[in-house]
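Student: pasting the sequence and the predicted coordinates here, then a few questions.
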Amino acid sequence: MRISLDGKTDEVESVGTGTVGQAYESAVARVNRAGRTVLDVRLDGELVTSANREAVFGRSVRDYEEMDLETVETHELVRAALTESRNHLVPCRDALLSAQALLNMGQQVRALKTLKPALDVWMAVCEAVAKVSILVGND
């Protein structure tokens, strides 16, 4: 099985034995050392989804001709994730201020209805920041 990065044939390596998962792990280690992160995996042009990943990665590399890894520079991915998180925090802050005003007016039910989506956004942002820290190797 040939392994190519971002559709570039000049960066091709070949694997003749083992499982697709083993070939993937080896390629990902090389990609990560180069400061990149894998976004998508295609086997013979078909996207590997989270639903079929386990079954596909257990198969032999001989079952496929090519694995193409779509990558992105890790720092670009981190920057985009943090920017997106910041963009979501602005409406979150506005919702918190609105909930506070409603609480001050004694409208607890409306305040809680306003607060719940803001808390959902806050949790999503916290999760994104945690994943970003993993990507850059910082706690």
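Tutor: Received, thanks.
Student: only C-alpha atoms from now on, for both contacts and neighbour counts.
Tutor: OK.
Student: quick check: buried residues in the longest helix along the chain?
Tutor: Criterion DSSP state H: the longest helix present in the chain is helix 74-104. Residues 74, 77-78, 81-82, 85, 88-89, 92, 95-96, 98-100, 102 are the ones in helix 74-104 that count as buried (16 or more other Cα atoms under 10 Å).
Student: for that helix, packing partners?
Tutor: Applying 3 or more Cα pairs under 8 Å, 6 or more residues apart in numbering; DSSP states H and E, we find helix 74-104 packed against strand 36-43, helix 108-136.
Student: tell me what angle it forms with strand 36-43.
Tutor: Here the directions of helix 74-104 and strand 36-43 differ by 100 degrees (axes from the mean of the first three to the mean of the last three Cα atoms, to 10 degrees).
Student: distance from the chain centre to helix 74-104, please.
Tutor: Centroid displacement of helix 74-104 relative to its chain, using Cα atoms, centre = their mean, to the nearest Å, is 19 Å.
Student: and the gap between the nearest residue to Val132 once chain neighbours are set aside and Glu70?
Tutor: Residue nearest to Val132 in three dimensions, not counting chain neighbours: Val78, with 5.6 Å by Cα to Cα, 6 or more residues apart in numbering. Here Val78 is placed at a distance of 16 Å from Glu70 (Cα to Cα, to the nearest Å).
Student: repeat that for Glu46.
Tutor: For Glu46 relative to Glu70 (Cα to Cα), the value is 12 Å.
Student: swap in Pro91?
Tutor: As judged by Cα to Cα, Pro91 and Glu70 stand 32 Å apart.
Student: where in the protein is pLDDT low?
Tutor: 9-13, 138-139 (pLDDT under 70).
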